[in-house]
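Student: need a structure here:
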Amino acid sequence: MIKKLSVCLFLAVSSISHAKILMWDLGGVLVDASKIGIAQEVGLGRFITHIVRDLRNPSKIQHRLFEVLGFLERPQRDLKAETGDGMLLPVIMCQWQAGTIMGKEIVERANAMIEILDKSEFFDSSSEKNLIKKTIKKMFDPVILAEHTYPIKKGYRLLEECMQVRNKDGSLRNQSFIFSNFDKQGFEQLYKTKRSLFRHFKGLIVSGQLGLIKPYDHIFNYFIEKYKLDPAECILIDDQKVNVDAARKRGFKALLVKDNNFKYIRTELIRLGAL
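Tutor: Alright, predicted model coming up:
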């Protein structure tokens, strides 16, 4: 029985090693959380009132929200995890994505911090305070996050195209893996409610389930050791430059998704032999 199992494992690893290995990020590449959907959960009127009353640019709301979350943990000099548009993630959000803290605890700590900040007149108005408080509550709710997360059509079509390509002998040319920073509860809820999104993947490397996050060495090392891979045969498709740079530094090929440039990504995948 053990000998038979060893043969099966050898064949599985062997089939992976002879394929192109595509490592797909989730957020910003294959799926996106709807900002409008989250805003509706918070109350669209709250956003409009805040923008009109306080003359605030809507894009500044995220900056202010990150400021509040930034007070929950001390800054770390070597912290490099970012949002898709290049903003550094607050330390506590990195911990959330690594699965070392759950959203409910973040909300509780944020609520206490908001009251402390309010006493020091941190907020421009009561509407800003209430908007940030309610937004934090909704954004760390895994059910709401999953409900308002949808496929990026161009990214998902590209994935499906890659998974249809076959070699001359009929074998699949590519093997696809999720390789994503995603909080544990949010990913589990997304997988539970929208499982069809994951039908093409050989494996799921998710930060919140491992306690490891991009762009750090450990998650890259875990991936290649788990599946016995050569980094030179792996292609990361990610929307964060810091992750792309980290992958290239470690010998992986990597493509940066930016401004919906999936036509360029497809051209590069052709050049690299995946299409």
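Student: And the helices in the protein, which stretches?
Tutor: 2-17, 35-42, 44-54, 58-70, 91-97, 103-119, 126-139, 142-147, 153-162, 184-193, 207-210, 217-227, 241-249, 262-271 (DSSP state H).
Student: The fourth one - what's its average pLDDT?
Tutor: Read it as helix 58-70. For helix 58-70, mean pLDDT rounds to 85.
Student: Can you list the buried residues in that helix?
Tutor: For helix 58-70, burial by neighbour count (16 or more other Cβ atoms under 10 Å) applies to Ile61, Arg64, Leu65, Val68, Leu69, Gly70. (Each C-beta comes from the backbone N, C-alpha and C, glycine too.)
Student: Name the member of those residues with the shortest distance to Glu233.
Tutor: Leu69 (38.1 Å; Cβ to Cβ).
Student: Can you report how many residues neighbour the residue lying closest to the closest one once chain neighbours are set aside?
Tutor: Nearest non-adjacent residue to Leu69, counting by Cβ to Cβ, 6 or more residues apart in numbering: Pro90, 4.0 Å away. Counted with other Cβ atoms under 10 Å, the neighbours of Pro90 add up to 22.
Student: Check Arg77 too.
Tutor: Neighbours of Arg77 (other Cβ under 10 Å): 4.
Student: and if you look at the one 3 residues further on?
Tutor: Applying other Cβ under 10 Å, we find 17 residues neighbouring Lys80.
Student: got it, and Phe182?
Tutor: Neighbour count for Phe182, taken as other Cβ under 10 Å: 26.
Student: can you pull the pLDDT of Ser6?
Tutor: On the pLDDT scale, Ser6 gets 43.
Student: Numbering from 41 from now on, please.
Tutor: In the new numbering, first residue 41, that becomes Ser46.
Student: Might you list the low-confidence residue ranges for the chain?
Tutor: Within the chain, the stretches with pLDDT under 70 are 41-58, 84-99, 118-119, 124.
Student: switch to 90 and redo it
Tutor: Residues of the chain that meet the criterion pLDDT under 90 lie in 41-59, 74-103, 114-129, 164-168, 170-171.
Student: the domain parsing of it - what is it?
Tutor: 58-72+190-311, 75-187 (automatic domain parsing).
Student: looking at those domains, which is buried most?
Tutor: domain 58-72+190-311 (a mean of 18; mean count of other Cβ atoms under 10 Å).
Student: chain center to that domain: distance?
Tutor: Its chain's C-alpha centre and that of domain 58-72+190-311 lie 10 Å apart, by Cα atoms, centre = their mean, to the nearest Å.
Student: Stretch 169-189 too?
Tutor: 16 Å.
Student: And that stretch, end to end?
Tutor: End-to-end distance of stretch 169-189 (Cα to Cα, to the nearest Å): 26 Å.
Student: swap in stretch 221-237?
Tutor: Length of stretch 221-237, first residue to last, Cα to Cα: 17 Å.
Student: now stretch 158-173
Tutor: 11 Å.
Student: Distance from the chain centre to that stretch, please.
Tutor: So, by Cα atoms, centre = their mean, the centroid of stretch 158-173 is 29 Å from its chain's centroid.
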